[in-house]
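Enquirer: Okay, sequence plus prediction incoming.
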Amino acid sequence: MEASAGLVAGSHNRNELVVIHGHEEPKALKNLSGQVCEICGDEMGVTVEGELFVACNECGFPVCRPCYEYERREGSQLCPQCKTRYKRSPRVEGDDDEEDTDDIEHEFNIDEHKKNTDIAEAMLHGKMSYGRGPEDHEDINAQYPPVISGGRSRPVSGEFPISSYGDQMGPTLHKRVHPVTDDHASGRWDDSKDLGWKERMDEWKVQQGNHEYDELADPDMGIIDEARQPLSRKVPIASSKINPYRMVIVTRLVVLALFLRYRILNPVHDAIGLWLTSIVCEIWFALSWILDQFPKWFPIDRETYLDRLSLRYEREGEPNMLAPVDIFVSTVDPLKEPPLVTANTVLSILAVDYPVDKISCYISDDGASMCTFEALSETAEFARKWVPFCKKFAIEPRAPEWYFSEKVDYLKDKVQPTFVKERRAMKREYEEFKVRINAMVAKATKVPPGGWIMQDGTPWPGNNTKDHPGMIQVFLGQNGGLDVEGHELPRLVYVSREKRPGFQHHKKAGAMNSLIRVAGVLTNAPFMLNLDCDHYINNSKAVREAMCFLMDPQVGKKVCYVQFPQRFDGIDRHDRYANRNTVFFDINMKGLDGIQGPVYVGTGCVFRRQALYGYDPPKGRKRPKMVSCDCFGRRRKKIPHGDADVQGFEEDKEILKSQMNFEKKFGQSPIFVTSTLMVEGGVPPSSSPAALLKEAIHVISCGYEDKTEWGLELGWIYGSITEDILTGFKMHCRGWRSIYCMPKRPAFKGSAPINLSDRLNQVLRWALGSVEIFFSHHSPLLYGHKEGKLKWLERFAYVNTTVYPFTALPLLAYCTLPAICLLTGKFIMPEISTFASLFFIALFLSIFITGILELRWSGVSIEEWWRNEQFWVIGGISAHLFAVIQGVLKVLAGIDTNFTVTSKASDDEDFSELYAFKWTTLLIPPTTILIINLVGVVAGISDAINNGYQSWGPLFGKLFFAFWVIVHLYPFLKGLMGKQNRTPTIVVIWSILLASIFSLLWVRIDPFILRTKGPDTNKCGINC
């Protein structure tokens, strides 16, 4: 498949496949059900008599003459469908001379290794006749048309070259040995060499990797030793920082238990309702703190060694052995996710510091927008100039919008005299590119009555966003993907999956699963990086950072994904609404990395493809079993001829059964099913461009996932709008571990909603997803206990991610208690003694010291920690509260909620969005709480002034409680006022109305105060 092939649109279910070229009429490809070869997709051909060529007379399975001849010479000699052995007529080149009889039993000598060949090859023979061994790569690539995979069908290996005797080493091939030519490596002693004891001992040390080399005698040995070192290492937190932290946590736990014991045993009898409410809230807060705190018990840092990665996998004079990576970018609405933002993300991917033939970028356009399609076409053209400029001058970051807007000295470390001139020219090119993209967006705001029309006059296939065929366009591929200097560019593929009414499409999770399958058919890289459309690559070596973990021979095989922290641009200096979320990314995630790995957060994550396919991690090597020899006359039991036939039939049944299981699991695409078994990646070299296109359209069709395990056990998991948490949770339950990578230069940067309303809606979406998981069968409280592969502290963390929205209920009650106490003159605690006051002092001190020590080992600033505490209260009594209500309604009444995509557009004025006000019902609860507490403060102070000096003592505790609430809601108050200190009338009216009604009802009902029986006015009169 070439970059100039045009837009491929089609529907597998409707038997449609069309190629739309830039200025040509649409040309229909071969009919999916026509007489074509089921292996290569070519015409069947005819015999000398003019009849259709038939390879198998038993079932008539359509196979062309070249594929048939190859099966006779090199393959299994069996019909792919009925498994009948091909007859020896017509003869092909390579057949031995025949005698009168055929020796069918011994005609083909298949050794034991061939008989036990991998199931992937067996299945490939069954559907596609893929039987070429690794020794045929050169000839295969020469006689078959080029495909998008290029030369990727060759397995990727990071081992040093091993000499020819390596075939005798068996399972020791994967063990790292020193690459020194030595005849003793096979384990056999060579008596022909007359070596002394010292020489033999030195050679043995060389094999064990313990010998110290003389670098003067062999200068390359130092480099080889460096390449053999681990690619990464754990950096434990200094004991002087972590040990006091753990001691304070234990102390705080003891103090908390003593505090709760005192509170329970000392009720407030004249306000029993207030006391009971506060006790329930405090117990919930204690449990929530335990779930959040103890997963941070083993925090660690990590270091990577990029130079060792290059020494091991990029050796000079040898093919580059770094693993290929497929990069996924998802977008939906070009008006809320501007194409210019997506274009910058794509440009940063194409310019990444990684071998270009091993990078493929897939763009999922789930909105089927012609604007996004045309913007991507412009991006591909601009990339031909931008990518060589970045690599020539080592530009960082490689997203042009952010590079040209950086307020730094761009001449720093630049020594080439042409840099200034070329930078000015490139900036002008980018500004012209921006104008073209902006013109497309402006045009897209008004849809023509008849829908969009392409340049050749063809209607855009995605005019109906809810009913359109699948579309694939290769903008940069094997041919046509060269930059202005003639160098190859990474692949760039546009994908829009098929959508039809009546089908469940599963939003972003469904789009990501479609990308997995398309990439599995076209390139099938063993690793995948997924990014949101607004998350560009800020560190061009980010992919290499991930490979230091995933390709490490020691730890990489059990790593399912490498998660990077999220970093953001365009946030105000004080981070009013905790958009950076630094406490979570720099404290919680480091803690999880020391247990079983961080949770998956939806973007900036490099996956192992096999882990997403639902496979378990490889098990550790077991001790080999004792093998008996023939020294004492034991003979192998001979299998009778009839039993051999039965055994062969059973093997065929097992292969067929496995094939059916794989199709039930992965779907009805033979090419894709086969690709799932290729652990090292690559696509079958026998696949033609037409077959790949047909299968790519097939795997993004609407009904492909029906009756399969997609979204249930493999791929992105369905069932929650926060599919990221579920997906990572399933992997950890299978026994995989994940890695948290924090390079000094942030790997990725994105945009965050700095507006209050948008921020609350974003938090609402996350919280609702957690509530959905809590009520599903994937709830961490119950799921995965049988396997026992999820560590208990990791389970604590996952439980916390699903129950934290429920903290909104006790938090709302606790924030209301100060106002009630001030309005009624009652309090939630009795008068305390000097001894009891020690519990309160110890609790506040432990909370304070825990926070200080946490900031000390994590490097988080105290301002970031305080902003996180403030937004915990703001989000808790607004977004989390609504999430719990909506989640319960969804479970009980089936009422679903549709969410809109968070806007990622930015205004020209710095932080203008920060002061913009957007009405949402999420603003009402915090505003009401704020007004009630302010009214309570005024009422309490007024009452103390009227009653004299003795009432000021009890008032201070209540005022402290109320000010705690007001200070936490202060950022919300600033956001509510806006830049001109103007609050929308509707918010003020609703909040004052609710506060007034609540206050009047409380004064009238007064439910939490015990009634005292007064005198009987009928007996003593009105003056008694």
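Expert: Yep, that arrived.
Enquirer: For residue 963, see how far away residue 867 is.
Expert: From residue 867 across to residue 963, the span is 18 Å (CB to CB, to the nearest Å). All C-beta spots, glycine's among them, are computed from the backbone N, C-alpha and C.
Enquirer: Which one's more surrounded, the two?
Expert: residue 867 (22 against 13; other CB atoms under 10 Å).
Enquirer: Verify the contact between that one and residue 970 for me.
Expert: No - Residue 867 is beyond contact range of residue 970, at 10.7 Å (criterion: CB atoms under 8 Å).
Enquirer: Residue 865: helix or strand, and which one exactly?
Expert: Here residue 865 sits within helix 862-876, counting by DSSP states H and E.
Enquirer: how about the CA coordinates for that helix, as CSV?
Expert: Extracted C-alpha coordinates of helix 862-876, given in CSV (Å, rounded to 0.1, in the frame of the first residue of the first chain):
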residue,chain,number,x,y,z
ILE,A,862,3.8,23.5,49.3
GLU,A,863,1.7,25.8,47.0
GLU,A,864,0.9,22.9,44.7
TRP,A,865,0.0,20.7,47.7
TRP,A,866,-2.3,23.4,49.0
ARG,A,867,-4.0,24.0,45.7
ASN,A,868,-4.7,20.2,45.5
GLU,A,869,-6.3,20.3,49.0
GLN,A,870,-8.5,23.2,48.0
PHE,A,871,-9.7,21.6,44.8
TRP,A,872,-10.4,18.4,46.7
VAL,A,873,-13.1,20.2,48.6
ILE,A,874,-14.3,22.2,45.6
GLY,A,875,-14.6,19.2,43.4
GLY,A,876,-15.9,17.0,46.2
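Enquirer: For residue 962, report the pLDDT, please.
Expert: pLDDT recorded at residue 962 is 87.
Enquirer: Need the three-state assignment for the closest residue to it other than its chain neighbours.
Expert: The shortest distance from residue 962 to any non-neighbouring residue, by CB to CB, 6 or more residues apart in numbering, is to residue 818 (3.8 Å). For residue 818, the secondary structure call by DSSP: H, G, I helix; E, B strand; the rest coil comes out as helix.
Enquirer: was I right about residue 818 contacting residue 968?
Expert: No - with contacts defined as CB under 8 Å, residue 818 does not count as touching residue 968, sitting 11.6 Å away.
Enquirer: Which one's more surrounded, the two?
Expert: Using other CB under 10 Å, the more surrounded residue of residue 818 and residue 968 is residue 818, with 27 against 21.
Enquirer: List the contacts of the residue nearest the centre of the chain.
Expert: Taking CA atoms, centre = their mean as the criterion, residue 605 is the residue nearest the geometric centre of the chain, at 4.5 Å. Residues near residue 605 by CB atoms under 8 Å, 6 or more residues apart in numbering: 529-530, 561-564.
Enquirer: Buried by neighbour count, from the residues you listed: which ones?
Expert: 529-530, 561-564 (16 or more other CB atoms under 10 Å).
Enquirer: Same list (those) but as JSON lines, adding pLDDT.
Expert: Output for those, formatted as JSON lines (pLDDT from 0 to 100):
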{"residue": "529", "pLDDT": "96"}
{"residue": "530", "pLDDT": "94"}
{"residue": "561", "pLDDT": "96"}
{"residue": "562", "pLDDT": "96"}
{"residue": "563", "pLDDT": "96"}
{"residue": "564", "pLDDT": "96"}
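Enquirer: for these, which one is nearest residue 355?
Expert: Among these, residue 529 lies closest to residue 355 (CB to CB), at 14.7 Å.
Enquirer: I'd guess the closest one is in a strand, am I close?
Expert: Yes - counting by three-state DSSP, residue 529 falls inside a strand.
Enquirer: just checking, it touches residue 547?
Expert: No - using CB under 8 Å, residue 529 is not in contact with residue 547; the gap is 10.7 Å.
Enquirer: do you know how far residue 760 is from residue 700?
Expert: For residue 760 relative to residue 700 (CB to CB), the value is 35 Å.
Enquirer: Also residue 509?
Expert: 14 Å.
Enquirer: Quick one: low-confidence residue ranges for the stretch 851-1000 of the chain.
Expert: Within the stretch 851-1000 of the chain, the stretches with pLDDT under 70 are 896-919, 948-951, 953, 977-1000.
Enquirer: And the helices in it?
Expert: Taking DSSP state H, counting those that start in this stretch, the helices of the stretch 851-1000 of the chain run over residues 862-876, 879-893, 912-915, 924-947, 952-968, 970-977, 985-1005.
Enquirer: Distance to residue 343 added to those helices, as TSV?
Expert: Below are these laid out as TSV (distance: least, CB to CB, whole Å):
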stretch	distance to residue 343
helix 862-876	32
helix 879-893	32
helix 912-915	21
helix 924-947	38
helix 952-968	40
helix 970-977	31
helix 985-1005	38
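Enquirer: Of all those helices, which one comes closest to residue 477?
Expert: Closest to residue 477 of the helices of the stretch 851-1000 of the chain is helix 912-915 (CB to CB; 38.6 Å).
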